[in-house]
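**Student:** requesting a structural model of the entry that follows:
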Amino acid sequence: MNEINEYVKKHEKRFLDELFELIRIPSISSLPKHKPDMYRAAEKWKEILLAAGADKAVIMETDGNPVTYGEKIIDENAPTVLVYGHMDVMPVDPLELWRTDPFEPVVKDGKIWARGADDDKGQSFMHAKAFEYLVQSGKLACNVKFLIEGEEEVGSPNLPKFCEENKEMLKADVILVSDTSMIAPDVPSITTGLRGLAYWQVEVTGPEADLHSGLFGGAVANPINVLSKMIAQTLDDEGRIQIPGFYDDVVEVSPEEREMMAKAPFSLQEYKDSIGVEELFGEKGYTPNEQTGIRPTFDVCGIWGGYTGEGAKTVLPSKAYAKISTRLVPNQDHNKIAQLFIEYFESIAPKSVKVKVDYLHGGPSYVCPIDLPAYRAAEKAFKDVYGKDPVPVRSGGSIPIIATFEEILGIKSVLLGFGLGSDAIHSPNENFPLEQFYNGIRTIPLFYKYFSEVKKE
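**Tutor:** Here you go, the predicted structure:
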């Protein structure tokens, strides 16, 4: 530990300078105008991996954004770790809520403030620097491969095909991912499960053009009113989703596992204070940690239509739109859920409007067994750095490609995340504590050490 601590201390400023170069690239995958930035980010990752000690690093095309692949093979008989991360980030709007320029990172109050500081440039970059240390110190005991993609924030639509076409290149014993969070800075945790996802865009059309709300209001259905009512019908007052068949395949978590989850430290008041609400809402009969980890959800991610500009305009809109997502739990098939929602939403629409539902993307859930050798290696690494055993947790978030990796490549993933709930990922003022960033660089080399040892057992 002393040697890695000294290495991190010696290179702290350089690490930040290099990370900031990566963060300054506005690699927003959901906006076509940033396509050139995706290639800039891919080039930067190639540079980072080669400088860290990779024997080769290449930019590879997909049907969408590029992938950067790198590797260092020390011994064909040694265990192989495939590090997965993503170079793309979420859009930054609403820009007026940012306290700093989202693509000009700054350090303030012990944190890095910028889009991608945590998700996932900061966390992926930790792996490059941990790898650099292992190469420089001669302590690398595993083969290492890096797969850095550019479409995670839009559901990784082209990575499954890439994996199918490059199975041999991506062959490994385990996939190591840092794109998740810990319970708290002093409570290390390992994510053992991710919820799946289904995501749609809905279009509700009433009259063929916008109408005067005084002349037509009351006689013609308002698409925004109708859409709002349809959304309200989909979730009851106890947090239960009303789509027929939605819960048919849900695997109920055992009382024993729920008891293990309950051991994680949790303050209801601190939780409410941290997000600025007076009262929580969730499915009846489950705790907040269970609601966000082991239960499915239904959420409207955006809704719009009509006149939203400055001042007043008395208009009865022709169209209303919404972006809607569900988080899914093990055994729920996202394609099946996608179709169930489409059928349900079309069935509850009144004849006064026309409804169009487009399924944008989705992915299955994932569970990592806690008796996996790589999981045990992660436990030991966390304990060395944080001084206590990590708590296994199920995350409410989704990384759809993780389950796809297992399906296509036949490899389990270990989710070694260092983010915190307060990092505001996907929101204005995203941040990443410096302590977590440096602790990640300290922990990852220990994972390699212990993983190589348990593979020899």
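**Student:** could you count how many residues lie near Lys33?
**Tutor:** 8 (other CB atoms under 10 Å). Placement of C-beta: from N, CA and C, glycine included.
**Student:** again, but for the one 3 residues further on
**Tutor:** In terms of burial, Pro36 registers 11 neighbours under the definition other CB under 10 Å.
**Student:** numbering from 602 from now on, please.
**Tutor:** Will do, 602 is the new start, and the previous item becomes Pro637.
**Student:** that one falls within a helix, correct?
**Tutor:** Yes - counting by DSSP: H, G, I helix; E, B strand; the rest coil, Pro637 falls inside a helix.
**Student:** how many residues are close by Asn1040?
**Tutor:** The tally of other residues near Asn1040 (other CB under 10 Å) stands at 20.
**Student:** residues contacting it?
**Tutor:** Counting by CB atoms under 8 Å, 6 or more residues apart in numbering, Asn1040 touches 986-987, 1019.
**Student:** can you pull the pLDDT of it?
**Tutor:** Asn1040 is assigned a pLDDT of 98 by the prediction.
**Student:** residues of the helix or strand harbouring it that come out buried?
**Tutor:** Per DSSP states H and E, Asn1040 falls inside helix 1035-1057. Residues 1035, 1037-1053, 1056 are the ones in helix 1035-1057 that count as buried (16 or more other CB atoms under 10 Å).
**Student:** output that helix as CSV, nothing but the C-alphas.
**Tutor:** What follows is helix 1035-1057, C-alpha atoms only, in CSV (Å, rounded to 0.1, in the frame of the first residue of the first chain):
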residue,chain,number,x,y,z
LEU,A,1035,-10.9,13.8,-5.2
GLU,A,1036,-10.6,11.3,-2.3
GLN,A,1037,-12.8,8.8,-4.2
PHE,A,1038,-10.8,9.4,-7.4
TYR,A,1039,-7.5,8.7,-5.7
ASN,A,1040,-8.9,5.8,-3.6
GLY,A,1041,-10.0,4.2,-6.8
ILE,A,1042,-6.5,4.3,-8.2
ARG,A,1043,-5.2,2.8,-4.9
THR,A,1044,-7.8,0.0,-4.9
ILE,A,1045,-7.7,-1.2,-8.5
PRO,A,1046,-4.1,-2.5,-8.4
LEU,A,1047,-5.0,-4.6,-5.3
PHE,A,1048,-7.9,-6.1,-7.2
TYR,A,1049,-5.4,-7.3,-9.8
LYS,A,1050,-3.1,-8.7,-7.1
TYR,A,1051,-5.8,-10.7,-5.3
PHE,A,1052,-7.5,-11.8,-8.5
SER,A,1053,-4.3,-13.3,-9.8
GLU,A,1054,-3.9,-15.1,-6.5
VAL,A,1055,-7.4,-16.6,-6.3
LYS,A,1056,-7.2,-17.7,-10.0
LYS,A,1057,-4.1,-19.8,-9.0
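**Student:** could you give the separation of that helix from the chain centroid?
**Tutor:** 21 Å (CA atoms, centre = their mean, to the nearest Å).
**Student:** next: stretch 929-945.
**Tutor:** 20 Å.
**Student:** ok, and what's touching it?
**Tutor:** Contacts for stretch 929-945 (CB under 8 Å, 6+ apart): 794, 796-799, 801, 835, 843-847, 850-852, 895-897, 925, 927, 958, 960, 963-966, 968.
**Student:** mind doing that once more with 7 Å?
**Tutor:** 796-799, 801, 844-847, 850-852, 895-897, 927, 958, 960, 963-966, 968 (CB atoms under 7 Å, 6 or more residues apart in numbering).
**Student:** cool, and stretch 1046-1058?
**Tutor:** Under CB under 7 Å, 6+ apart, the answer for stretch 1046-1058 is 605, 680, 682, 731, 734-735, 740-743, 774, 777, 974-975, 977-979, 981-982, 985-986, 1017.
**Student:** apply 10 Å and report the result again.
**Tutor:** Applying CB atoms under 10 Å, 6 or more residues apart in numbering, the contact partners of stretch 1046-1058 are 602, 604-605, 608, 679-682, 728, 730-735, 738, 740-743, 745, 774-775, 777, 973-986, 1015, 1017.
**Student:** just to check, Ala978 is in contact with Val775?
**Tutor:** Yes - between Ala978 and Val775 there is a contact under CB atoms under 10 Å: 8.7 Å.
**Student:** mutual contacts of the two, please.
**Tutor:** Joint contacts of Ala978 and Val775 (CB under 10 Å, 6+ apart) are 682, 1015, 1048, 1052, 1056.
**Student:** distance to Asn1030 and pLDDT for those residues - can I get that in TSV?
**Tutor:** TSV is the format used below for these (distance: CB to CB, whole Å; pLDDT from 0 to 100):
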residue	distance to Asn1030	pLDDT
Val682	33	98
Val1015	29	97
Phe1048	30	98
Phe1052	36	97
Lys1056	41	76
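**Student:** widest-spaced pair of those?
**Tutor:** Farthest pair in those (CB to CB) is Val1015 and Lys1056. Separation: 13.2 Å.
**Student:** mind listing the shared neighbours of those two?
**Tutor:** Counting by CB under 10 Å, 6+ apart, the residues touching both Val1015 and Lys1056 are 775, 974-975, 978.
**Student:** list the contacts of the residue lying farthest from the centre of the chain.
**Tutor:** In the chain, the residue that sits farthest from the middle, by CA atoms, centre = their mean, is Leu816; the gap is 47.2 Å. By CB under 10 Å, 6+ apart, the contact list for Leu816 reads 915, 917.
**Student:** all set, thanks.
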